[in-house]
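Q: Let's see this in three dimensions:
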Amino acid sequence: MDKLKAAKILLTSAGFETSAIRNAFLELIGKQPEDIRVLFIPTAAIFAEAIKVLPKCMDDLLKSNIPAENIQVFDLHRALSFEELSTFDAVYFTGGSPTYLMERINKTGFNIPLNKFVNNGGVYVGVSAGSYVAAGNFPNSLGYLKATLSVHVDIGTAIGIFENETVAHIDLTDKNAVMIHNGVYKII
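A: Okay, the predicted model is just below:
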C-alpha cells in the first residue's frame, strides 16, 4: 500500500493557532476528544526558545479537550515498538532543532514503527521542527511530504488543494498548516 494513501498528517508552523487547524486535527482522528490518546514528543526542544514553547504545544492538546491523562510525554531515548505506538491515536512532535530530532528518530530506529503507525492510519502532527522532519528538507527525512517546507514565514503558500508531486516548496505562516488525508494534500 502506498504509505500516503492511508496517511493522516498535519504539518504546522506553530501548532493549533487557529480553530481550522485544531478542527483538522480532530477530523483526522475521528474520535471524541475524551477518547483520544496522544504521544507527545518534545525531543527537538533542545534550546531555550523551543523549551519555552513546550507548554503552548501541550496546551494545543488540552484545549482540544483531550484529557491530560491521555497524553504521554516521550523523549525518544529509545524506540517504541509498533505495538506500543499503536495504543495511541496521534503522535505530536514539537518544535526546536529539526537536525537533532531527525538524528534521534533515525538513531533510535523510531522511524520504522512510526512509518508503520502512519501507514495504518495513525495521525502525525508536526510543529516547526516536527514538520521539517516529515517533509523533504533532509535526505533521510520521513518523506511524508515530498516538498521542502519553510515555517514561521510572513507570507505563506496559497490555501488550496494540490498533489504532492506538483509542489516543490511550501511556506507556512504560523496560521497555516498542510493536511494530508486520503492522498489529498491541502493547505489550510
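Q: make it CA atoms for all contacts and neighbour counts henceforth
A: Will do.
Q: Now do the same contact list for T18.
A: Going by CA atoms under 8 Å, 6 or more residues apart in numbering, T18 touches K175.
Q: any idea how far it is from K56?
A: Remark: distance between T18 and K56 (CA to CA, to the nearest Å) = 13 Å.
Q: same thing with G30?
A: Taken as CA to CA, the span from G30 to K56 is 23 Å.
Q: Which of those two has more residues huddled nearby?
A: K56 (16 against 12; other CA atoms under 10 Å).
Q: pLDDT at that one, what is it?
A: The score at K56 is 96. That number is its pLDDT.
Q: what helix or strand is it on?
A: Taking DSSP states H and E as the definition, one finds K56 inside helix 48-62.
Q: Which helix or strand lies directly C-terminal to that helix?
A: Heading C-terminal from helix 48-62 (DSSP H and E), you reach strand 71-73.
Q: Pull out the buried positions in that next one.
A: I71 (16 or more other CA atoms under 10 Å).
Q: who touches that strand?
A: R37, V38, L39, F40, I41, P42.
Q: Paired strands for that strand, with orientation please.
A: Applying DSSP bridges, strand 71-73 is found paired with strand 38-41 (parallel).
Q: tell me the mean pLDDT for the partner strand?
A: The model assigns strand 38-41 a mean pLDDT of 98.
Q: Which residues belonging to it are considered buried?
A: Within strand 38-41, the residues scored as buried using 16+ other CA under 10 Å are V38, L39, F40, I41.
Q: and if you look at stretch 172-187?
A: Within stretch 172-187, the residues that count as buried by 16+ other CA under 10 Å are 172-181, 183, 185-187.
Q: For this protein, give me the ranges with low pLDDT.
A: 1-5, 163-165 (pLDDT under 70).
Q: All the helices of it, residue numbers only.
A: 3-6, 19-29, 48-62, 82-85, 98-107, 111-119, 129-132 (DSSP state H).
Q: any idea which of those helices is most buried?
A: Sort the helices of the chain by mean neighbour count, taking mean count of other CA atoms under 10 Å, and helix 129-132 sits at the top with a mean of 30.
Q: So what touches that helix?
A: 11-13, 44, 92-98, 101, 125-126, 148-150.
Q: again, only this time at 7 Å
A: L11, T12, A44, F93, T94, G95, G96, S97, P98, L149 (CA atoms under 7 Å, 6 or more residues apart in numbering).
Q: Out of those residues, name the ones that lie in strands.
A: Judged by DSSP state E, the subset of the contacts of helix 129-132 located in strands is L11, T12, F93, L149.
Q: The second one - how many residues pack around it?
A: One way to gauge burial is a neighbour count; for T12, by other CA under 10 Å, it gives 31.
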